[in-house]
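In: Below: sequence and its predicted model.
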2 protein chains.
Amino acid sequence: MQNRNSSPELSTSPGPRRMPVQKRSRERVERMLAVATELIAEKGSDALRMAEVAERSGVSIGSLYQFFPDKTALLAALVERCNAESRRCIEEAMASVRDEHDFSRAFAGLIDTYYRIFLAEPAMRDIWSGAQADKALREIQLLESRRNGALVAEVLKRLRPHADPAELERSAFVVMHLGEEAMRLAISVERAEGDALVETYKRMSLAELGGDRVTCAELAAGPRCGDWPPA
Amino acid sequence: MQNRNSSPELSTSPGPRRMPVQKRSRERVERMLAVATELIAEKGSDALRMAEVAERSGVSIGSLYQFFPDKTALLAALVERCNAESRRCIEEAMASVRDEHDFSRAFAGLIDTYYRIFLAEPAMRDIWSGAQADKALREIQLLESRRNGALVAEVLKRLRPHADPAELERSAFVVMHLGEEAMRLAISVERAEGDALVETYKRMSLAELGGDRVTCAELAAGPRCGDWPPA
DNA sequence: CTTGAATATGAGGAATGTTCATATTTGCGA
DNA sequence: TCGCAAATATGAACATTCCTCATATTCAAG
């Protein structure tokens, strides 16, 4: 009885035995996450209540806790979704970079995309705010900044074989980490000021990352990279 | 009976009538704040319990709530203390600025001082972390960034009468706001990396604020501004 | 149909912020 | 010194919310 694979179909790998149930579960998890996002968009992440998530998802609190061991885990899953999305934007933006000029364009476009996402998605904004309220989530965001920084640094290292790789990594790390905060700042103020603040951050970032070799006029005229929401 | 001033000494202004009690109260408030700081330093701001603050302060919970209407108010008072301290550092650093060269030195020294404070004071670090957990406190910090930015911009406007004042204000605002986050970042990692990250932030800030007219070597050699803790 | 395992349920436990009826202290005039 | 009214202090009780666990239900195979 101790061997879980003593049933007839023991020929398969040691995973769980009933597949269709897992599929059903995944749908339930999706629903819980969607509902949580919805609630956060409606009332802010501070007001997220586990009981409310369960109720609106049509499941009991117990079931919710079966999939997310605690509230932090639920928030972490939401944060991870946002992170996956932003990582995708970064990868897309960096993929087309062939020279320094490309880089400046791509990076500037990336910031614009970020900004547009934050403006358009109250849920994303509040999920990120909520991510700062919890120590564990802050750790996650720190790792994410490292990953994002690494993605950018990778391109820079390719463009500048003679530069100090460690320094490039540090610069990109700081720039990406501060970028998150810059976005929060920009959306905390009225629109016109937010736009100007984003430009300021962009200038600081490009100066640090060596992207100041392209003029501001060129940046303003060029096409944006990575529209959002994706069509 | 409805008129509160129907008693004999109605000649004084409508303020409270007994002074000495107020002095005693101030001492009690001081004690509460000190205890809260202590507890935060010991266990982090997440673990701050109102009941514990009251107990260790030698007062009842009710008394604590008489002076701080809710937990946020207590945290806000602590945050405000940190802000007052950092504002003092900024003012002191900016007071001696006579030209661009002074400015770069003063600003770089200011960042170093900030960093040293964060390294030395776990309470300050955790109070600031706690300040992000609460919406109301985030508003406070935003205002504080504006004030700090204004202090720096004021000097820059004096140094550069022909520059766009609004642009200087924006730059200083962003730089100061991101500085707070840069400090949090720097102390989240091991010391050596933190040092390097602070240097990166310093470089970004000085580039944005126009302080790149002084060489890095000069900055490294120069005296630090504003030691901490104050003697 | 029976059975055992997987899954679902929601009342209840535990922690903690906040209130309020009561008790104590304080300043002051008689 | 005594007594009184206002200010202040107290902590038990309340309200909210996260989370657990004993019980009930569903599922799929024999």
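Out: Right, received. Where do you want to start?

In: For the residue of chain A found nearest DNA strand C, give me its contacts.
Out: Using CB to the nearest atom of the strand, the single residue of chain A nearest to DNA strand C is A:Gly62, 2.3 Å away. To be clear about C-beta, it is placed using only N, CA and C from the backbone, and glycine gets the same treatment. By CB atoms under 8 Å, 6 or more residues apart in numbering or on different chains, A:Gly62 lies in contact with nothing.

In: confidence score at it?
Out: A:Gly62 carries a pLDDT score of 95 in this model.

In: low-confidence ranges in chain A?
Out: Scanning chain A for pLDDT under 70 picks out A:1-23, A:211-231.

In: how about a cut-off of 80?
Out: A:1-25, A:211-231 (pLDDT under 80).

In: ok, the residue positioned nearest the centre of it to A:Val198 distance?
Out: Residue closest to the mean C-alpha point of chain A, counted by CA atoms, centre = their mean, is A:Asn83 at 1.8 Å. For A:Asn83, the distance to A:Val198 (CB to CB, to the nearest Å) stands at 20 Å.

In: With A:Ser104 instead?
Out: For A:Ser104, the distance to A:Val198 equals 16 Å [CB to CB].

In: Can you pull the residues of chain A lying near chain B?
Out: Applying CB under 8 Å from any CB of the partner chain, one finds that chain A approaches chain B through A:44, A:46, A:129, A:132-135, A:138, A:142, A:145, A:170-171, A:173-175, A:177-178, A:181-182, A:185, A:188-189, A:193, A:196-197, A:200-201, A:203-205, A:207-208.

In: ok, now with 6 Å
Out: A:132-133, A:142, A:170-171, A:174, A:177-178, A:181, A:185, A:188, A:196-197, A:200, A:204, A:207-208 (CB under 6 Å from any CB of the partner chain).

In: and the closest residue to A:Asp46 other than its chain neighbours, how many neighbours?
Out: Closest residue in space to A:Asp46, ignoring its immediate chain neighbours: B:Lys135 at 6.1 Å, by CB to CB, 6 or more residues apart in numbering or on different chains. Neighbourhood size, B:Lys135 [other CB atoms under 10 Å in any protein chain shown]: 15.

In: try A:Asp99
Out: Neighbour tally, A:Asp99, other CB under 10 Å: 9.

In: What sits closest to it if chain neighbours are left out?
Out: Once flanking residues are discounted, A:Asp99 sits nearest to A:Leu159: 6.8 Å by CB to CB, 6+ apart.

In: Repeat that for A:Leu64.
Out: Nearest one to A:Leu64, counting by CB to CB, 6+ apart, is A:Ala54 at 4.4 Å.

In: what helix or strand does that neighbour sit in?
Out: helix A:50-57 (DSSP states H and E).

In: Now do the buried residues in stretch A:45-58.
Out: A:45, A:48, A:53-54, A:57 (16 or more other CB atoms under 10 Å in any protein chain shown).

In: If you count neighbours, what's buried in the helix or strand harbouring A:Thr72?
Out: Applying DSSP H and E as the criterion places A:Thr72 in helix A:71-95. Using 16+ other CB under 10 Å as the test for burial, helix A:71-95 gives A:71-72, A:74-76, A:78-79, A:82-83, A:86, A:89-90, A:92-94.

In: same thing with stretch A:97-107?
Out: So stretch A:97-107, judged by 16+ other CB under 10 Å, has buried residues A:97, A:100, A:102-107.

In: need these in a markdown table with secondary structure, can you?
Out: Shown next, in a markdown table, are the buried residues of stretch A:97-107 (DSSP: H, G, I helix; E, B strand; the rest coil):
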| residue | secondary structure |
| --- | --- |
| A:Val97 | coil |
| A:Glu100 | helix |
| A:Asp102 | helix |
| A:Phe103 | helix |
| A:Ser104 | helix |
| A:Arg105 | helix |
| A:Ala106 | helix |
| A:Phe107 | helix |
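
In: State the phi and psi torsions of the residue lying closest to A:Tyr114 once chain neighbours are set aside.
Out: Using CB to CB, 6+ apart and skipping the chain neighbours, the partner closest in space to A:Tyr114 is A:Met183 (5.7 Å). A:Met183 adopts backbone torsions of phi -60, psi -50, taken as degrees, to the nearest 10.

In: And A:Met183, how close does it get to A:Cys89?
Out: Counting by CB to CB - A:Met183 and A:Cys89 are separated by 12 Å.

In: so the helix holding A:Ala54 versus helix A:71-95, what angle?
Out: Going by axes from the mean of the first three to the mean of the last three CA atoms, to 10 degrees, helix A:50-57 is angled at 70 degrees with respect to helix A:71-95.

In: Show me the contact partners of helix A:50-57.
Out: The contact list for helix A:50-57, computed with CB atoms under 6 Å, 6 or more residues apart in numbering or on different chains, reads A:31-32, A:35-36, A:60-61, A:64, A:71.

In: Return the members of the residues you listed classed as buried.
Out: By 16+ other CB under 10 Å, the contacts of helix A:50-57 give A:32, A:35-36, A:64, A:71 as buried.

In: right, and the residue nearest to the centre of chain A touches A:Ser145 too?
Out: No - using CB atoms under 6 Å, A:Asn83 is not in contact with A:Ser145, being 9.7 Å away.

In: Which neighbours do the two have in common?
Out: By CB under 6 Å, 6+ apart, no residue touches both A:Asn83 and A:Ser145.

In: just to revisit the earlier point, looking at the buried residues of stretch A:97-107, which is nearest B:Arg125?
Out: Nearest to B:Arg125, judged by CB to CB, of the buried residues of stretch A:97-107 is A:Phe107 at 31.0 Å.

In: what angle do the helix or strand containing A:Asp112 and helix A:71-95 make?
Out: In the assignment (DSSP H and E), A:Asp112 maps to helix A:100-120. On the basis of the same axes, to 10 degrees, helix A:100-120 is oriented at 150 degrees to helix A:71-95.

In: so how far is chain B from the spatially closest residue to A:Asn83 that is not a sequence neighbour?
Out: Nearest non-adjacent residue to A:Asn83, counting by CB to CB, 6+ apart: A:Glu144, 4.8 Å away. Going from A:Glu144 to chain B by CB to the nearest CB, to the nearest Å gives 13 Å.

In: Assign a three-state SS to A:Glu144, would you?
Out: From three-state DSSP, the assignment for A:Glu144 is helix.

In: Touching, it and A:Ala84? I think so.
Out: No - in this structure A:Glu144 lies outside contact range of A:Ala84 using CB under 6 Å: 9.7 Å.

In: what about the helices in chain A?
Out: A:19-43, A:50-57, A:61-67, A:71-95, A:100-120, A:122-133, A:135-159, A:165-188, A:191-209, A:216-221 (DSSP state H).

In: Need the contact partners of the first one.
Out: To tie it back to what came earlier, the one meant is helix A:19-43. In contact with helix A:19-43 (CB under 6 Å, 6+ apart) are residues A:48, A:53, A:56-57, A:67, A:122-123, A:126-127.

In: Repeat that for stretch A:168-177.
Out: A:145-146, A:148-149, A:152-153, A:156-157, A:205, A:208-209, B:185, B:196-197, B:200.
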